[in-house]
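Asker: Let me see the structure of the following:
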Amino acid sequence: MVKTIYITRHGFRANWLTDQPIPPSPTGIESDPALAEKGVVQAKELGEYLKDIKPPIQRIYASPFYRCIETATPTADHLDLAIYPEGGCGEWFKRERSSHPKPASNAVLKGFFPRVDKNYNSLVVAGDDGEDEAELHERTKRFLNVLIEKLNKEEPEIETILIVSHAAPRIALGRALVGDNSLDIRTGVCSLDTFEVDKEGGLCGEWKLKSSGQVDYLSEGEVMHWGFDVPFDPGSEEDIKARKAAAEASAAAAAEGESDTVSVFIPLNVPPMSRKAGASSKVSSNAPVQISGLTEDRPFVKIGDSAYEGQWTELVGSEMYFNGATGEYVGKSRDRIMLKPMRLHHKQDEVMLEPKKRAHILDQVHAINEERAKQAGETTSGAPVDSVDSVDLEVAAAAVTAASIQDPDTAASLDVTMEDV
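Answerer: Predicted coordinates for the structure are as follows:
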């Protein structure tokens, strides 16, 4: 019975390069490029990681486009496994596109990659006229259900599989498994998603996402993330133009040095299962965002009515940002804030549940009084401290500041304000 599914995306494509001519497709098919040199390195790094992953991979399915078979090959070589070219996880071509290329035959692919099973027949294939986003989601869901049922019935010993796909189908595959068409999935090249079944024999909607966008084995980290909100396709003229502009802007900024005004772009990684912590499970794109303690290791973030504890995470690569309407490059970031849901309590509730805070502040003040008295040669042992009058205004002000953060009532009881300083 299938219990674990790994999903990855092909490596960096040769036609994504911005500083050299685009090489011809090995198969002669439009939109069927090979991997660039850096993509070959990424595929090897992925294979090195997957050869020892637990649970171990027993079957490999890959989109029948050249770059996906090429990406799967190092892993197949390490594990001595065949590669099954599967149209169900094949590339997504939008309906409005001028052409909808078909991949090479299994026989042609086997001429390039001996690991290809040329006798395998795809369980599902995309339509001849392209697909809209809803049709892509339906295609990947149908493929997964047919595949899981077939393996569970005919090869029950297969428990773990790997699927090598493209950005859009990868997102759709993950959403189908967990049954959530709004699930956010990172899609950097050769990054890895891991899904585990909730119950034996589970089909789409009965799986859980264990991890998304894993890249710790890649020397460059996350590269070329894409999502449905990006206004153009990876490798398109618009994409190449935007990445060239980003490189030129970065070079110009480095040459000019720092300016007086700095724009900062910070991605917030909102967890998909936040309802358990009392927050909403979905975040509106129009929800107001409040951030405090941005310079701290763990900033506080409030999105709409949901509260989160943040943790800064440094990316190995960079994320680029584009205007959603125009596609214009606007900036990039090398850091991300990972968010963990948290509950909010009214201050009144905190005073009732944690009354020790008030005594804690007063104890500090009394301790200061006693220390001052000892230094002055006075004896305060056994004598209660009746007031805080002997505390310097400077010390009292500090106590008020600390108290006001924890409990406004305590600050008021000290009868000293910052205006007294």
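
Asker: does residue 152 sit in a helix, a strand or a coil?
Answerer: The three-state assignment at residue 152 reads helix, by DSSP: H, G, I helix; E, B strand; the rest coil.

Asker: gap between it and residue 207?
Answerer: Separation of residue 152 from residue 207 (CB to CB, to the nearest Å): 13 Å. Quick note: C-beta positions are derived from backbone N, CA and C, even for glycine.

Asker: Run through the helices of the protein in chain order.
Answerer: 37-50, 66-79, 106-112, 133-154, 167-178, 237-256, 347-353, 356-375, 393-406, 408-413 (DSSP state H).

Asker: quick revisit: looking at residue 152 and residue 207, which one has more neighbours?
Answerer: Neighbour tally, residue 152 and residue 207, criterion other CB atoms under 10 Å: the higher count belongs to residue 207, 24 against 17.

Asker: Which residues does the more buried one form beta bridges with?
Answerer: With DSSP bridges as the criterion, residue 207 is bridged to residue 197.

Asker: circling back: mind listing the shared neighbours of residue 152 and residue 207?
Answerer: Residues touching both residue 152 and residue 207 (CB atoms under 8 Å, 6 or more residues apart in numbering): none.

Asker: Pull the number of nearby residues for the nearest residue to residue 48 once chain neighbours are set aside.
Answerer: Excluding the flanking residues, the one nearest residue 48 by CB to CB, 6 or more residues apart in numbering is residue 217, at 7.0 Å. Neighbours of residue 217 under the rule other CB under 10 Å: 17.

Asker: Can you pull out the low-pLDDT segments for this structure?
Answerer: For the chain, applying pLDDT under 70 flags the ranges 235, 247, 250, 253-265, 272-286, 315-332, 344-366, 377-421.

Asker: Which segments of it make up each domain?
Answerer: 4-228, 241-342, 347-420 (automatic domain parsing).

Asker: For the residue minimising distance to the centre of the chain, give its distance to residue 269.
Answerer: Nearest to the geometric centre of the chain sits residue 186, at 4.8 Å (CA atoms, centre = their mean). Between residue 186 and residue 269 the computed distance is 9 Å (CB to CB).

Asker: does residue 147 really touch residue 84, like I thought?
Answerer: No. Using CB atoms under 8 Å, residue 147 makes no contact with residue 84, being 9.8 Å away.

Asker: Spit out the residues that contact the two alike.
Answerer: Residues touching both residue 147 and residue 84 by CB under 8 Å, 6+ apart: residue 61.

Asker: Count the residues that sit near residue 190.
Answerer: Neighbour tally, residue 190, other CB under 10 Å: 29.

Asker: what does residue 15 give?
Answerer: Using other CB under 10 Å: residue 15 sits among 19 other residues.

Asker: again with the one 5 residues further on
Answerer: The number of residues packed around residue 20, counting by other CB under 10 Å, is 8.

Asker: how close does it get to residue 14?
Answerer: 9 Å.

Asker: Then residue 298?
Answerer: In terms of CB to CB, residue 298 sits 42 Å off from residue 14.

Asker: more neighbours, those two?
Answerer: residue 14 (23 against 12).

Asker: I figured the more buried one hits residue 38, correct?
Answerer: No. If you go by CB under 8 Å, residue 14 and residue 38 don't touch, sitting 9.7 Å apart.

Asker: and the closest residue to residue 214 other than its chain neighbours, what does it touch?
Answerer: Leaving aside its sequence neighbours, residue 214 sits nearest to residue 192 (CB to CB, 6+ apart; 4.4 Å). Listed by CB under 8 Å, 6+ apart, the contact partners of residue 192 are 6, 7, 8, 46, 49, 50, 211, 213, 214, 215.

Asker: Could you double-check that the fourth one lies in contact with residue 77?
Answerer: No. With contacts counted by CB under 8 Å, residue 46 stays clear of residue 77, the gap being 12.0 Å.

Asker: Mind checking which of those two has more residues around it?
Answerer: residue 46 (27 against 15).

Asker: The more buried one and residue 132: what is the separation?
Answerer: Taking CB to CB, one finds residue 46 at 31 Å from residue 132.

Asker: swap in residue 97?
Answerer: For residue 97 relative to residue 132 (CB to CB), the value is 11 Å.

Asker: Please apply the same query to residue 194.
Answerer: 29 Å.

Asker: Give me the more crowded residue out of these two.
Answerer: residue 194 (16 against 12).

Asker: Nearest residue to the more buried one in space, please, no chain neighbours.
Answerer: residue 210 is the one closest to residue 194 (CB to CB, 6+ apart), at 4.3 Å.

Asker: Please apply the same query to residue 44.
Answerer: Using CB to CB, 6+ apart and skipping residues adjacent in sequence, the residue nearest residue 44 is residue 74, 5.0 Å away.

Asker: Would you confirm that the one you found contacts residue 47?
Answerer: Yes. Residue 74 is within contact range of residue 47, at 3.0 Å (criterion: CB under 8 Å).

Asker: can you pull the contacts of residue 131?
Answerer: 92, 93, 94, 95, 139.

Asker: can you redo those residues as CSV with distance to residue 202 and neighbour count?
Answerer: Formatted as CSV, the contacts of residue 131 follow (distance: CB to CB, whole Å; neighbours: other CB atoms under 10 Å):
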residue, distance to residue 202, neighbour count
92, 25, 23
93, 30, 22
94, 31, 14
95, 32, 12
139, 20, 24
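
Asker: what about the strands in the stretch 151-300 of the chain?
Answerer: 160-165, 192-197, 207-214, 268-269, 289-292, 300-303 (DSSP state E, counting those that start in this stretch).

Asker: Sheet partners, orientation included, of the fifth one?
Answerer: Applying DSSP bridges, strand 289-292 is found paired with strand 300-303 (antiparallel).

Asker: Pull the partner strand out as CSV, backbone CA atoms only.
Answerer: Provided in CSV are the C-alpha atoms of strand 300-303 (Å, rounded to 0.1, in the frame of the first residue of the first chain):
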residue,chain,number,x,y,z
PHE,A,300,5.3,39.4,16.6
VAL,A,301,3.0,39.3,13.5
LYS,A,302,-0.7,40.0,13.3
ILE,A,303,-2.6,39.3,10.0
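
Asker: So residue 234 is in contact with residue 223, correct?
Answerer: No. Contact criterion CB under 8 Å: residue 234 and residue 223 do not qualify, at 10.7 Å.

Asker: Just to check, residue 137 is in contact with residue 181?
Answerer: Yes. Using CB under 8 Å, residue 137 is in contact with residue 181, at 6.0 Å.
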